[in-house]
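Engineer: I'll drop the sequence and a predicted model, then ask my questions.
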Amino acid sequence: MDQWEHWSFLFYTAMKIINLGIFAHIDAGKTTLTEQILHLAGAIRSVGSIEDGTTESDSLDIEAERGISILSSLMQFELQTNDSKIKINLLDTPGHLDFRNQVESVLDSIDVAIVVLDGSRGVESQTVLIHKELQDKKISEIFFINKLDRNPENLSEAIISIEDILGKSPCVLFHEDENYVIWQNPEKFSDREHLDLFEWNDELSTEYLEHPSKIYDISQRGLFQGIVTQKLTPVLGGSAYFGKGVIEIMNLISQLDFPIPIALDGNELIVSKRMIHSELGKLTFARALKPFRKNSLAHIKNKSIPINQIYNLFGDKAKEVLSVEVGDMFASPDLNILEPARPIIDSPFAVIVEPDLSEDRNELWESMSSIVWEDPSYRMDLDPESGSFCLWGQGELHLEIFRDRLLKKFHKKFTYGELKVARYERSKIMEKQIVFEHTAFGNKHSSGKISATLRDTAGFSKLIAFEVSLPEKIQNVVTTGFHEALSRGNYHLEVLGLECLVHSFEPPEADSDQSIILLKIAVVSGIRSALSEKTDIIGPISDLEILVDDIHLGSTLSLLQKRNAQIIEILKKNSSNSMVLARAGTENLLGFSGALRNMTKGTGISYQRNSFNPEKYNVLNERQAR
């Protein structure tokens, strides 16, 4: 049966809707779990395989070829329960950190998150990051410990790792050996396990004291209410590959009743992510905070947008519908005018892209722009010196994927340059009183005198402030000169972390058009002279998690040493594998993951988190910087 055949689209039906997100560290089994959920619901005939490129949620050719998720995908389907049908909007997200923007873009739209762990590895760095973001957004979490068919003895360690990030004991709802779950087989669990599910609630606790025989019913209500209100964090487990534990996850989720978000500031939609559909072109996802009919108006961000097309999605399959219910998700080209949220910090990774023929520049720019439109964590601009197209991305893999996608879109020859990691200069600790003054033509023309203080800032900011009121023209030229001076420092790099406080201005005796030009020269040359030999070259720094078998541990440490990495800790994960925690300058790690894969014959796994902020960055020595 086709996924769409059993759908009935009515105006404002009362079907319960649950927006479900699935998140994980890379290779934890998230996409396999998604396939099993879809199969369980009858939305697909058979479970797809990542290896064969047949999964529903990975619809891009490049996802099938690489065996990884690159874009978040929306799978809308019905789940039949004993009592009724529930509409599930399942959002499958990438696990690799380079595609974090795809994760962040859907968080505001979901009610509950399944966080998948590899049972042999427990909580990993991406798990910690996801958990923090879900907590910040007050989104309910359900942990699923996967791959217990391989190493069931690792279950207790995985639970302890969850306890570590929660700061309290999670609610383990299953008995692995007998496949029991507490809300379905209450008699198989101790009173203590039941009490843990409702002691957070005074009313339920009082009810239990008055009616202790109702402990099973009370614990069930405590469990469901506790998940919805984020008072409890449940843990289930099994094997997504074999479908074990999947029924229990969906049974639990079907019991939950989440409140509909309230429309704030007149916004009737929560805008989510974008996609380029194979037939419909550009679409924007949203969650409805009120019911909509086709051809009605949606109010968001002080705009009134006619909603003329409403689509429900199942991966890359789309079906036009007449209406959308409150709390439901949909896609529409009418929302494409809205800007999505963009990463707070631009990535320091960049490549130069050039067409082989100059007449292909516009076409190449359009092809690149379409990929950037779908994934706003990329950024494009023109190199100011060469006029080349400069593409910025979130990491090595992120930019590799862009190249592969561009090859499929742009069918003419182009050059994709070598990946570069951005470098900057940062002002050293300084505080200097300075006078900006410049004369020309034998002192006949003068800039006048600016008295100012230059000092370093705690962050990467570039600030200019005025203690004295100046004519707008003078203030503008001083500001322009300040930023121009910092655009190119001692090593011809942009300078970060400097503040200029202007105290006074003494105008020239004979004001002329030349005075303004000379004033800018005075500011630029004065700041650059003050910064001479007073900047460090800085760039991003990376934290590494490397999982290797013990046979390759020594060679892995040697590989890290050659890249000037600092070994932070070596953790024994099980009898044959170790986790190496290390830190190195991001520049030094270009090509590291490929070298590790080759050295370990594909068994070594590295996870790299890049940082570039005032608290965490790499200082390069002068020989490297030159």
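Structural biologist: Right, received. Where do you want to start?

Engineer: and the spatially most central residue of the chain, what element?
Structural biologist: Against the mean C-alpha coordinate of the chain, by C-alpha atoms, centre = their mean, the closest residue is residue 100 at 2.2 Å. According to DSSP states H and E, residue 100 maps onto helix 100-104.

Engineer: distance from that helix to the middle of the chain?
Structural biologist: In terms of C-alpha atoms, centre = their mean, to the nearest Å, the centre of helix 100-104 is found 3 Å from the chain centre.

Engineer: do stretch 43-63 as well
Structural biologist: Per C-alpha atoms, centre = their mean, the centroid offset for stretch 43-63 relative to its chain is 23 Å.

Engineer: please apply the same query to stretch 259-273.
Structural biologist: That offset, for stretch 259-273, works out to 21 Å (C-alpha atoms, centre = their mean).

Engineer: please enumerate the helices of the stretch 101-250 of the chain.
Structural biologist: 125-136, 155-166, 191-195, 202-210, 215-228, 246-254 (DSSP state H, counting those that start in this stretch).

Engineer: flag every buried residue along the longest helix along the chain.
Structural biologist: The longest helix of the chain (DSSP state H) is helix 513-531. Residues of helix 513-531 classed as buried: 514-516, 518-520, 522-524, 526-528, 530-531 (neighbour count, 16 or more other C-beta atoms under 10 Å). Backbone N, C-alpha and C define where each C-beta goes, glycine included.

Engineer: how about those residues, which pair is most distant?
Structural biologist: 514 and 531 (26.0 Å; C-beta to C-beta).

Engineer: so what does whichever strand or helix holds residue 271 touch, helix or strand wise?
Structural biologist: Secondary structure assigned from DSSP H and E places residue 271 in strand 269-277. Other helices and strands packing on strand 269-277, by 3 or more C-beta pairs under 8 Å, 6 or more residues apart in numbering; DSSP states H and E, are strand 281-288, strand 296-300, strand 329-332, helix 361-374.

Engineer: contacting residues around it?
Structural biologist: Here strand 269-277 makes contact (C-beta atoms under 8 Å, 6 or more residues apart in numbering) with 71-72, 102, 105-106, 108-109, 261, 282-289, 298, 300, 316, 318, 329, 331, 335-336, 338, 340, 370, 373-376.

Engineer: can you rerun that using 6 Å?
Structural biologist: 72, 105-106, 108-109, 282-287, 298, 300, 338, 374 (C-beta atoms under 6 Å, 6 or more residues apart in numbering).

Engineer: also stretch 380-396?
Structural biologist: 98, 346-347, 349-354, 368, 372, 377-379, 399.

Engineer: next, the buried residues of it.
Structural biologist: 388-396.

Engineer: start to end distance for that stretch?
Structural biologist: 16 Å (C-alpha to C-alpha, to the nearest Å).

Engineer: what's the average pLDDT for it?
Structural biologist: The average of the pLDDT scores along stretch 380-396 is 85.

Engineer: check stretch 514-533 too.
Structural biologist: Here the average pLDDT along stretch 514-533 is 92.

Engineer: distance from that stretch to the middle of the chain?
Structural biologist: Distance of stretch 514-533 from its chain centroid, counting by C-alpha atoms, centre = their mean, is 41 Å.

Engineer: output the below-cut-off pLDDT ranges for the stretch 301-450 of the chain.
Structural biologist: For the stretch 301-450 of the chain, the stretches with pLDDT under 70 are 340-347, 441-443.

Engineer: ok, which stretches of it are helices?
Structural biologist: Using DSSP H, counting those that start in this stretch, helices in the stretch 301-450 of the chain cover 361-374, 396-409.

Engineer: quick one: buried residues of the last one?
Structural biologist: So that's helix 396-409. Buried residues in helix 396-409 (16+ other C-beta under 10 Å): 396-402, 404-406.

Engineer: where in the stretch 501-626 of the chain is pLDDT low?
Structural biologist: 621-626.

Engineer: put the alpha carbons of stretch 356-370 into PDB.
Structural biologist: These are the backbone C-alpha positions of stretch 356-370, laid out as PDB (Å, rounded to 0.1, in the frame of the first residue of the first chain):
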ATOM      1  CA  ASP A 356      36.800  27.500 -16.300                       C
ATOM      2  CA  LEU A 357      35.100  29.900 -18.800                       C
ATOM      3  CA  SER A 358      34.200  33.400 -17.800                       C
ATOM      4  CA  GLU A 359      30.900  33.300 -19.600                       C
ATOM      5  CA  ASP A 360      29.800  30.500 -17.100                       C
ATOM      6  CA  ARG A 361      30.200  32.800 -14.000                       C
ATOM      7  CA  ASN A 362      26.500  33.700 -13.700                       C
ATOM      8  CA  GLU A 363      25.300  30.100 -14.100                       C
ATOM      9  CA  LEU A 364      27.900  28.800 -11.600                       C
ATOM     10  CA  TRP A 365      26.800  31.500  -9.100                       C
ATOM     11  CA  GLU A 366      23.100  30.500  -9.500                       C
ATOM     12  CA  SER A 367      24.000  26.800  -9.000                       C
ATOM     13  CA  MET A 368      26.000  27.600  -5.900                       C
ATOM     14  CA  SER A 369      23.300  29.900  -4.600                       C
ATOM     15  CA  SER A 370      20.600  27.200  -4.800                       C
END
